[in-house]
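S.K.: From the sequence below, what's the structure:
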Amino acid sequence: MTREGTTIVAPATPGGTGAISIVRISGPAAFPVAYRLTAHSPADVPSRTLARCDVRGADGEIIDSGLVVFFHEPHSFTGEDLVELHLHGNPVVVEASVRAACAAGCEPAAPGEFSRRAFENGKMDLTQAEGLADLIESRTEAAARAALRQMRGGIRETVGPLRERLLSLLTSLEAAIDFAEEDGVPAITSEQLQERVSELTSSLGCLLRSYEAGHRLRDGATVAIAGVANVGKSRLLNRLAGEERAIVTEIPGTTRDSLHADVSVEGVPVLLVDTAGLRQTEDPVEREGVRRSRDVIASADLALFVLDGSRAAGEEDRSAYREIALRPHLVVLNKRDLPSGETGDGFAGEGRRGILRVSAKTGEGVGDLVAAIAREVGPGEGAILAQSPLTRARHRVAAERAISALIRAGESGGKGMPLEFPAEDVREAASALAELLGEVAPEEVLDAIFGQFCVGK
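M.R.: I've put the predicted structure just below:
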């Protein structure tokens, strides 16, 4: 919880040495504390203007020569009086400055406390705060752009008008309930109710569908490379990763534990996992590797089932395939540079998304494989990303709750039930969207979200 009335301090830049470090101070005593440290105040430094200053430690000795900038409330990141000290990037200097600020009346900031104050002072809604956290943690340019749109209010721009439409419908229902006997109060018919509910449900459905793209951009996807030993899985990992991540030999069972590589596929962070060959073995180490491989495949978003395309598949291949046949997968016929000995037609499990022929050795067909992976785990239609998609399970649950409530409202209207029933359902749908934006949020939800931020943000 925000500590009302306190002034907080923390480094706003990562630890370690560098050219510049920034110490941030926010709260009612921010300006007096800054004066103690720098002998500067807003009276002699215009707001949002950097001024040269000496920075003094708790004992009054000069510890650095830097810059100070003042931000008056409410025109600051937190909505409070806020000061930034721009120092040389030495951890000793930063720590001494923080100690001096604490000696002058500050308290060390908790993780995310600056952003929490910004949220509680109306500087951003909850989705914008989440977008800020995602922007800091983004692993690809596309993910960073999506996070920036969210931080600038992209989700609110979509959800806000939907909630207003829900509240308008609720107002009409309540008026019809409370003033049913009054002249001049328009009644709402069952057909009108169902029509408006249907339109809102459709709009919310589009919003909910954006989650698949949004959470992939934020959280990434896992693609497991599976198959029996010695079919070229490790070489394929190296080819897709663009570097030698796995040891490649002609000896079956070289890979005994999962190997990982991070790549970007159409802006989606993808974790490639090279798994141990799926086979029966008496070697206890390799047997453990096979067990771990099965765990990875079971949780992966997509599997690449690799076959040696230069020979006919054997029973060992078919046995291994049965373990992934129901999971989303691509059948990859490796060794395209050699004469073909396998078509892959016999591997037609329910989860198969296609068959591709590649050469991990020469790179032939790998471009087509990357395109196929993109179709399965990529962000989808660009139209979705032109706006700001839902990115977190919290968003998805709220949208699903709103849709369920509206479906109930439509069913109530269709059955001719008293308007009090659909009105309560519409009210619940509006409440769900309010929770999505953080207008109504339990304290534990806020603690969980802002607790993931770094100290100083």
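S.K.: For burial, what's the neighbour tally of residue 358?
M.R.: Counted with other CB atoms under 10 Å, residues neighbouring residue 358 total 27. In this view, the C-beta of every residue, glycine as well, is placed from N, C-alpha and C.
S.K.: pretty sure it contacts residue 367?
M.R.: No - under the criterion of CB atoms under 8 Å, residue 358 is not in contact with residue 367, lying 9.1 Å apart.
S.K.: Quick one: the strands in the stretch 1-150 of the chain, in order.
M.R.: Assigned by DSSP state E, counting those that start in this stretch, the stretch 1-150 of the chain shows strands spanning 8-11, 18-26, 51-56, 62-71, 82-89, 107-108.
S.K.: just the stretch 151-300 of the chain next, same as before
M.R.: So, for the stretch 151-300 of the chain - with DSSP E, counting those that start in this stretch - the strands run 221-226, 259-265, 268-274.
S.K.: For residue 306, grab phi and psi.
M.R.: The phi/psi pair for residue 306 (degrees, to the nearest 10) reads phi -100, psi 130.
S.K.: Excluding chain neighbours, what is closest to it?
M.R.: Nearest in space to residue 306, with sequence neighbours left out and distances taken as CB to CB, 6 or more residues apart in numbering, is residue 227 at 3.9 Å.
S.K.: sorry, back to before: would you mind finding the most buried of the strands of the stretch 1-150 of the chain?
M.R.: Neighbour counts (mean count of other CB atoms under 10 Å) averaged over each of the strands of the stretch 1-150 of the chain peak at strand 8-11, with a mean of 25.
S.K.: just how off-centre is that strand within its chain?
M.R.: Distance of strand 8-11 from the chain centroid (CA atoms, centre = their mean, to the nearest Å) equals 26 Å.
S.K.: contacting residues for residue 148?
M.R.: Contacts for residue 148 (CB atoms under 8 Å, 6 or more residues apart in numbering) come out as 131, 135.
S.K.: cool, and residue 38?
M.R.: Shown in contact with residue 38 (CB under 8 Å, 6+ apart): 53, 54, 55, 56, 68, 85.
S.K.: Return the residues in contact with residue 64.
M.R.: Applying CB under 8 Å, 6+ apart to residue 64 gives the contacts 54, 55, 87, 88, 90, 93, 97.
S.K.: just to revisit the earlier point, let me have the strands of the stretch 1-150 of the chain in CSV, adding mean pLDDT as columns.
M.R.: Shown next, in CSV, are the strands of the stretch 1-150 of the chain (pLDDT from 0 to 100):
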stretch, mean pLDDT
strand 8-11, 96
strand 18-26, 95
strand 51-56, 96
strand 62-71, 96
strand 82-89, 96
strand 107-108, 95
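S.K.: would CSV of these with distance to residue 167 be doable?
M.R.: Shown next, in CSV, are the strands of the stretch 1-150 of the chain (distance: least, CB to CB, whole Å):
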stretch, distance to residue 167
strand 8-11, 36
strand 18-26, 34
strand 51-56, 48
strand 62-71, 35
strand 82-89, 34
strand 107-108, 40
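S.K.: I'd like to know which of those is closest to residue 335.
M.R.: Among the strands of the stretch 1-150 of the chain, strand 18-26 comes nearest to residue 335, with 48.4 Å by CB to CB.
S.K.: The closest one pairs with which strands, parallel or anti?
M.R.: Strand 18-26 pairs in its sheet with strand 8-11 (antiparallel), strand 82-89 (antiparallel), by DSSP bridges.
S.K.: want to throw these into JSON lines with distance to residue 138?
M.R.: Formatted as JSON lines, these follow (distance: least, CB to CB, whole Å):
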{"stretch": "strand 8-11", "distance to residue 138": "21"}
{"stretch": "strand 82-89", "distance to residue 138": "23"}
